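Q: Predicted model follows, preceded by the sequence.
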2 protein chains.
Amino acid sequence: MIDPIQQHLLEEVAQLHEVPEGAYNIRANGKKAGRNTTANIDIVSKTDKDGIDIIIKPGTKNESVHIPVVLSESGLTDLVYNDFFIGDNCDVTIVAGCGIHNCGVQNSQHDGIHTFHVGKNARVRYVERHYGEGDGSGENIMNPTTVVELDEGSYMEMETTQIKGVDSTVRVTRATLGPDATLIIHEKVMTHGKQHAKSDFTVDLNGAGCHTNVISRSVARDQSKQVFLARINGNAPCYGHSECDAIIMDQGVVSAIPEVTANCLDAQLVHEAAIGKIAGEQLTKLMTLGLTEKEAEEQIVNGFLK
Amino acid sequence: MIDPIQQHLLEEVAQLHEVPEGAYNIRANGKKAGRNTTANIDIVSKTDKDGIDIIIKPGTKNESVHIPVVLSESGLTDLVYNDFFIGDNCDVTIVAGCGIHNCGVQNSQHDGIHTFHVGKNARVRYVERHYGEGDGSGENIMNPTTVVELDEGSYMEMETTQIKGVDSTVRVTRATLGPDATLIIHEKVMTHGKQHAKSDFTVDLNGAGCHTNVISRSVARDQSKQVFLARINGNAPCYGHSECDAIIMDQGVVSAIPEVTANCLDAQLVHEAAIGKIAGEQLTKLMTLGLTEKEAEEQIVNGFLK
């Protein structure tokens, strides 16, 4: 059911070389292409719309769920709703991602709306990768929406990566944090060609003692454009931090618009942003070690995006 | 022509205890209350609308212009356009400011639109203070708009201060910088009661080698609300920095929304913001030195706003 092109996409978005261990749901060209559940993790297709419910029993530890999506037909528009119900005291890893291979003239689009209900004292590591390829003139479009609800004492770490081949993306994340909850977001975006990328984060720090850290690293090459918006609202005694570091190359354009609002006397909010090109001395240093300018640039960009 | 209440306002906004040296124009209750020009600085009333043109000859050094405005009648709405033409190679100080004494039930409002045309290699220090007082129920409203055009190699330093008694303010600053021009902005705002203050800066870094630094320090007490917007657009090889530090007290609310956009590969842009209450250890330290909590707070706030 999975052809070699799709297999390559799966490797790119989920580092999957074979069928993953644990629970998984593979979606290919808008249809289910494989599923596995475990004693603790159930996956149920929605009946009212496209998408799945992922139900993780309270206390589930050291298990993982993979839910990659691949599109290899040009002209497909795929809209999917995935809801995660993560029980109290869980400790799980969730790997999502979308790979598009578009060799046609029509646009291929995947819009995923992921909602996380994270139970008390649960820990979640959520990894999301977006990747596009194809030599057709059709665009690869991905608009992921992530909604996060963190219950008391829970902890979620989100790593989102868009490295290559996505022509247009609007990435929306909305999070509400309960007491003593923590949300750490690491975003990495690289755009090239004429790509557009917009990231839009809103974090409501509602519970006493909650904490967020939103860290974005981005590289805009060629004529690509990026906008980074991060809204942090401190509505309780809390700590919020956002940081956006961007490298611009060629004619790349980056806007950073963080917004911090303290609605509570005991909210402590900080943000930082820096946009600039690669420092000349860094390039020179690597070039004296024998690299060409292009190789030196690549090495600096790779290091920056880790 | 100047009564004791107005004299007190003049002291608050322009530190004027007597008639100032150099050029000046004093506006009281919407009318001219005094003017002096010098060999190098001319002040001409506009004929098409309320306001004055201040024309400073090229090469004028170490001279100053004072243009304070005072309102002591309740219910007055004053809209004034002041245009500054600062010749090449000048080095001058301009002191503006508005004081309102409102003991009535109606609102008193002063909206000043100040436009600065700064010539090549000129240096300008611009000081602006806003102050309100009065025990009536009428509000004191001030909406200053500042438009700055900096020609090649020019330098302007703006110090704006709103310490007390302004119930509502929208402060708009728009600046465009030519090659090698520098704009330094220091803003200090303290709000109390139910006051609202919005600062809105847009700096277009258009000339190669130009540079801006926008620094805001603010304190929001009681139920007051503040919004700080700073938009820096790097359209040329340039350096831009913005910084917003805010202290919240009581139920004060502060939003900081800086926006940096690099439209040029050689634009280097940085911003930082921090919002929080006075650190507990700072208070404790001063209280062990014998201050009450209130005195310690006052001392920290005064030091923060210098």
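A: Looks like it arrived, so ask away.

Q: ok, A:V189 - contacts?
A: A:V189 is in contact with A:161-162, A:197, A:199, A:216-219, A:226, counting by CB atoms under 8 Å, 6 or more residues apart in numbering or on different chains. Where you see a C-beta, it was placed from the backbone N, CA and C, and this is true even at glycine.

Q: Tell me where the stretch 1-150 of chain A has helices.
A: Per DSSP state H, counting those that start in this stretch, the stretch 1-150 of chain A carries helices over the ranges A:4-14.

Q: Any stretches of it with poor pLDDT?
A: When residues are selected by pLDDT under 70, those of the stretch 1-150 of chain A lie in A:1, A:16-17.

Q: one more time with 80, if that's ok
A: Under the criterion pLDDT under 80, the flagged ranges of the stretch 1-150 of chain A are A:1-2, A:12-20, A:135-136.

Q: restrict the contacts of A:V189 to contacts with chain B.
A: Counting by CB under 8 Å from any CB of the partner chain, nothing from the contacts of A:V189 sits close to chain B.

Q: Strands - which of these land there?
A: Among the contacts of A:V189, the members found in strands (DSSP state E) are A:161-162, A:197, A:199, A:216-219, A:226.

Q: For A:K306, grab the count of nearby residues.
A: Using other CB atoms under 10 Å in any protein chain shown as the criterion, A:K306 is surrounded by 8 other residues.

Q: likewise A:Q268?
A: A:Q268: 21 surrounding residues under other CB under 10 Å.

Q: A:E187 against A:D200, yeah?
A: No: taking contacts as CB atoms under 8 Å, A:E187 lies outside contact range of A:D200: 11.0 Å.

Q: Between these two, which is the more surrounded one?
A: A count of neighbours by other CB under 10 Å puts A:E187 above the other of A:E187 and A:D200, at 22 against 16.

Q: so which helix or strand takes in A:Q299?
A: Element membership of A:Q299, judged by DSSP states H and E, is helix A:293-304.

Q: ugh, typo on my part, it should be A:Q268
A: Assigned by DSSP H and E, A:Q268 falls in strand A:267-276.

Q: Could you list which residues are in contact with A:L269?
A: A:232, A:234, A:239-241, A:260-262, B:256, B:273-276.

Q: can you check A:E159 too?
A: Listed by CB under 8 Å, 6+ apart, the contact partners of A:E159 are A:125-128, A:186, A:188.

Q: again with A:G99
A: Under the criterion of CB under 8 Å, 6+ apart, the neighbours of A:G99 are A:8-10, A:12-13, A:68-71, A:130-133.

Q: how close does it get to B:F201?
A: When distance is defined by CB to CB, to the nearest Å, A:G99 is 43 Å away from B:F201.

Q: center of chain A - which residue?
A: The residue lying closest to the centre of chain A (CA atoms, centre = their mean) is A:T160, at 2.5 Å.

Q: Give me the angle between the helix or strand containing A:F201 and strand A:267-276.
A: Element membership for A:F201, per DSSP H and E: strand A:196-205. Counting by axes from the mean of the first three to the mean of the last three CA atoms, to 10 degrees, strand A:196-205 lies at 160 degrees to strand A:267-276.

Q: Which elements pack onto strand A:196-205?
A: strand A:168-177, strand A:182-191, strand A:210-220, strand A:225-234, strand A:238-248 (3 or more CB pairs under 8 Å, 6 or more residues apart in numbering or on different chains; DSSP states H and E).

Q: can you put the ones you listed in JSON lines and add distance to B:L205 and mean pLDDT?
A: Shown next, in JSON lines, are those (distance: least, CB to CB, whole Å; pLDDT from 0 to 100):
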{"stretch": "strand A:168-177", "distance to B:L205": "28", "mean pLDDT": "95"}
{"stretch": "strand A:182-191", "distance to B:L205": "23", "mean pLDDT": "95"}
{"stretch": "strand A:210-220", "distance to B:L205": "18", "mean pLDDT": "95"}
{"stretch": "strand A:225-234", "distance to B:L205": "18", "mean pLDDT": "94"}
{"stretch": "strand A:238-248", "distance to B:L205": "14", "mean pLDDT": "94"}
